[in-house]
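> Build me a structure from this.
(one chain, ligands or ions: 1)
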Amino acid sequence: MNATEIETATAEALSDVEAAQTVDAVEAVRIKYLGRKGLLPTVMKGLKALTPEERGPAGRAANTFKQSLNSALGERLAGMQDGDVVESNLSPFDATLPGQWRGIGSQHPISTIIRETVVIFARLGFTVAEGPDIETGYNNFDALNTPEHHPSKDELDTFWFENGDLLRTQTSPVQIRTMKSTPPPLSIITPGRCYRRDTMDATHSANFHQIEGLYVATDVSLADLKGALAYFAREMMGPDVGVRFRPHFFPFTEPSVECDFTCHVCAGKGCRVCKGSGWIEIAGAGMVDPRVFEHVGYDPEVVSGYAFGMGVERIAMVKYGVPDIRMLYENDLRFLHQFA
Ligand code: PHE
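Down below sits the predicted model:
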């Protein structure tokens, strides 16, 4: 059939649709024109026999035929009166048919780690507290007992605004905000974005995520901190994970430690991900420094507490064996679909 013939057939088909009075009749029209042995497949097959000049217009006419007939059929069904439908077993809407898959996507691995962490600490009685990405220099540094000469206060290490605010370099300022607004005791977990002037490489990003933890009560000891982080490690990584604590320094905790987990990829034997050491640094932590308590108006003679800050990307990389932090930000669906 050439284009003109197809157009004539289209007109006929559309008037057949108009004439159909029942759902069954509409279905019959559909089969007559669009069914496997209907007119459209014949038309499509016939295109090959046409001359090259005829083929283009005929192809377009065939498409119009299909589209206009389809929408006319749909409208006819939608416009049917209840009485028409009752004559048939076929309802235009069949609630038993499977739905159309909408492709709702999946959770990003960073979100998964944050949610799992919140759930694990919720079992220990922690609740979520949040703070803004744009912080005051006071909350990010001074109230956290960070001395004037500390390298992170440097122009080159931190994104400063002209008014002295900054993009927070850590989630620790939320400790300050929460303690200022809440009397002790408290136990909070704080997931959020942090910013540092780091050059992007396989393990660094200028924008990354941390989860801060703060526990303040009376008679809190380093053993409580170790217990909480070891519990978290086993819940997050599985029962065989090893946990070690190394002495370290943070201005806002004393004593301070760094907490490492055995590398999940090589089970501690040493591999590319852990750079041969068998351990991955996961968190900084320690006992809250009395100076910090003084800044927020807590009495260091009465309360004690521990705090920790974990790198979310670190945990994701170790848990899922992701060799390069950039994979977590590129939004490459081939990567992300693995977490669906
Ligand atoms: N804020 C520290 C960091 O970003 C981690 C930390 C949090 C250390 C809480 C001790 C206590 O490196």
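
> Could you count how many residues lie near E330?
10 (other Cβ atoms under 10 Å). (C-beta placed from N, C-alpha, C; glycine too.)

> tell me which element it falls in.
Taking DSSP states H and E as the definition, one finds E330 inside no helix or strand.

> do T4 as well
Using DSSP H and E, T4 sits within helix 3-19.

> And the average pLDDT for that helix is what?
Model confidence over helix 3-19 averages 91 on the pLDDT scale.

> same check, this time on stretch 281-288
96.

> from the chain's centre, how far out does it sit?
For stretch 281-288, the separation from the chain centroid amounts to 26 Å (computed by Cα atoms, centre = their mean, to the nearest Å).

> Repeat that for stretch 40-56.
Relative to its parent chain, stretch 40-56 has a centroid offset of 49 Å by Cα atoms, centre = their mean.

> CA atoms only for it - export them in CSV, please.
Written as CSV, here are the backbone C-alpha positions of stretch 40-56 (Å, rounded to 0.1, in the frame of the first residue of the first chain):
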residue,chain,number,x,y,z
LEU,A,40,-0.8,-2.9,10.0
PRO,A,41,1.6,-5.8,9.9
THR,A,42,0.6,-6.3,6.2
VAL,A,43,1.3,-2.7,5.5
MET,A,44,4.6,-2.8,7.2
LYS,A,45,5.7,-5.9,5.2
GLY,A,46,4.5,-4.2,2.0
LEU,A,47,6.8,-1.3,2.5
LYS,A,48,9.7,-3.3,1.2
ALA,A,49,8.0,-3.7,-2.2
LEU,A,50,7.6,0.0,-2.7
THR,A,51,10.1,2.2,-4.6
PRO,A,52,12.5,4.2,-2.5
GLU,A,53,10.6,7.4,-3.2
GLU,A,54,7.3,5.9,-2.1
ARG,A,55,8.7,4.2,0.9
GLY,A,56,9.4,7.3,3.1
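
> Would you mind pulling the contact partners of it?
1-3, 6, 9, 33-34, 58-59, 62, 65-66 (Cβ atoms under 8 Å, 6 or more residues apart in numbering).

> Return the set of buried residues in the helix holding T4.
Buried positions in helix 3-19, judged by neighbour count with 16 or more other Cβ atoms under 10 Å: 3, 6-7, 9-10, 13-14, 16-17.

> gap between the two ends of stretch 17-25?
For stretch 17-25, the first-to-last residue distance is 8 Å (Cα to Cα, to the nearest Å).

> what do you get for stretch 237-246?
One end of stretch 237-246 sits 20 Å from the other (Cα to Cα).

> ok, residues contacting it?
The contact list for stretch 237-246 (Cβ under 8 Å, 6+ apart) reads 226, 229-230, 233-234, 257-262, 264, 267-268, 279, 285, 318-319.

> Pull out whichever of the residues you listed are also neighbours of the ligand.
With Cβ under 6 Å from any ligand atom as the criterion, the contacts of stretch 237-246 include A285 near the ligand.

> could you flag which of the contacts of stretch 237-246 are buried?
Buried subset of these (neighbour count, 16+ other Cβ under 10 Å): 226, 229-230, 233, 257-262, 264, 268, 279, 285, 318-319.

> Among those residues, which are located in helices?
Among the buried ones among the contacts of stretch 237-246, the members falling in helices (DSSP state H) are 226, 229-230, 233, 318-319.

> In TSV: those residues, plus pLDDT.
Below are these laid out as TSV (pLDDT from 0 to 100):
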residue	pLDDT
K226	97
L229	97
A230	96
A233	96
V318	88
K319	90
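
> and S106, how far is that from E7?
From S106 across to E7, the span is 47 Å (Cβ to Cβ, to the nearest Å).

> Is any residue of stretch 177-191 near the ligand?
No: figure legend: stretch 177-191 not in contact with the ligand (Cβ under 6 Å from any ligand atom); closest approach 9.9 Å.

> how about the residues of the stretch 151-300 of the chain that lie near the ligand?
Applying Cβ under 6 Å from any ligand atom, we find that the stretch 151-300 of the chain lies next to the ligand at 170, 172, 212, 250, 253, 256, 284-286.

> what two of the residues you listed are the furthest from one another?
Farthest-apart pair in those is E212 and S256; separation 14.4 Å (Cβ to Cβ).

> Mind checking which of those two has more residues around it?
Neighbours were tallied for E212 and for S256 using other Cβ under 10 Å; the higher tally belongs to E212 (25 against 19).

> Next, the contact list for the more buried one, please.
170-172, 174-175, 188-192, 307-310.

> could I get these as JSON lines with distance to F159, secondary structure and neighbour count?
Shown next, in JSON lines, are the contacts of E212 (distance: Cβ to Cβ, whole Å; DSSP: H, G, I helix; E, B strand; the rest coil; neighbours: other Cβ atoms under 10 Å):
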{"residue": "Q170", "distance to F159": "13", "secondary structure": "coil", "neighbour count": "22"}
{"residue": "T171", "distance to F159": "16", "secondary structure": "coil", "neighbour count": "27"}
{"residue": "S172", "distance to F159": "16", "secondary structure": "coil", "neighbour count": "30"}
{"residue": "V174", "distance to F159": "18", "secondary structure": "helix", "neighbour count": "24"}
{"residue": "Q175", "distance to F159": "21", "secondary structure": "helix", "neighbour count": "29"}
{"residue": "I188", "distance to F159": "25", "secondary structure": "strand", "neighbour count": "22"}
{"residue": "I189", "distance to F159": "25", "secondary structure": "strand", "neighbour count": "25"}
{"residue": "T190", "distance to F159": "20", "secondary structure": "strand", "neighbour count": "23"}
{"residue": "P191", "distance to F159": "20", "secondary structure": "strand", "neighbour count": "22"}
{"residue": "G192", "distance to F159": "15", "secondary structure": "strand", "neighbour count": "20"}
{"residue": "A307", "distance to F159": "23", "secondary structure": "strand", "neighbour count": "25"}
{"residue": "F308", "distance to F159": "24", "secondary structure": "strand", "neighbour count": "25"}
{"residue": "G309", "distance to F159": "18", "secondary structure": "strand", "neighbour count": "23"}
{"residue": "M310", "distance to F159": "22", "secondary structure": "strand", "neighbour count": "25"}
